[in-house]
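Chemist: can you look at this prediction? I've put the sequence above it.
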Amino acid sequence: MLLCLLFVACGKAQTAGRAAGDTLTRRQRDSVLGASRLPGARGIRGALQAQDSAAAQNARADSIR
C-alpha cells in the first residue's frame, strides 16, 4: 500500500512540474531519500546503484565504437 502511494505521489510531482524555488534535481532528491532511514530507502539506494551501473556500462560500450 505504501509503495503504491509513493508511485502516485511521484507521478503527480512529475506531471505538476517543478515548484518555484525547487533547486534539487530528481537525482539529488532520490539520493537524500536513499540516505535516510525511511522505509523503502534501501530500495531507492539499490535503484540508484543500478542506474549508475547501467550508465557506466553504456559509457564503456560507447567508447568501443
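Modeler: Perfect, I can see it now. Residues are numbered from 1 along each chain as shown.
Chemist: can you map out the helices along this protein?
Modeler: Secondary structure of the chain by DSSP state H: the helices cover 2-16, 26-35, 41-64.
Chemist: what's the shortest one packed up against?
Modeler: Taking 3 or more Cβ pairs under 8 Å, 6 or more residues apart in numbering; DSSP states H and E as the contact definition, the neighbouring helices and strands of helix 26-35 are helix 41-64. Where you see a C-beta, it was placed from the backbone N, CA and C, and this is true even at glycine.
Chemist: elements contacting the helix it packs on?
Modeler: helix 26-35.
Chemist: buried ones in the helix it packs on, by neighbour count?
Modeler: Residues Asp30, Leu33, Gly34 are the ones in helix 26-35 that count as buried (16 or more other Cβ atoms under 10 Å).
Chemist: name the nearest of the residues you listed relative to Gln49.
Modeler: If you rank the buried residues of helix 26-35 by distance to Gln49 using Cβ to Cβ, Gly34 comes first, at 9.2 Å.
Chemist: ok, how many other residues are close to Ala50?
Modeler: 10 (other Cβ atoms under 10 Å).
Chemist: where in the protein is pLDDT low?
Modeler: 1-21, 65 (pLDDT under 70).
Chemist: now with 80, please.
Modeler: For the chain, applying pLDDT under 80 flags the ranges 1-22, 65.
Chemist: now do the contacts for Ala41.
Modeler: Contacts for Ala41 (Cβ atoms under 8 Å, 6 or more residues apart in numbering) come out as Leu33, Gly34, Ala35.
Chemist: got the residues you listed as TSV, with distance to Ile64 columns?
Modeler: Listed next are those as TSV, based on distance: Cβ to Cβ, whole Å:
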residue	distance to Ile64
Leu33	35
Gly34	31
Ala35	34
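Chemist: just give me the closest of those residues to Gln51.
Modeler: Among the contacts of Ala41, Gly34 lies closest to Gln51 (Cβ to Cβ), at 11.2 Å.
Chemist: quick one: the closest one and Ile44 touch, right?
Modeler: Yes - counting by Cβ atoms under 8 Å, Gly34 touches Ile44, with 4.0 Å between them.
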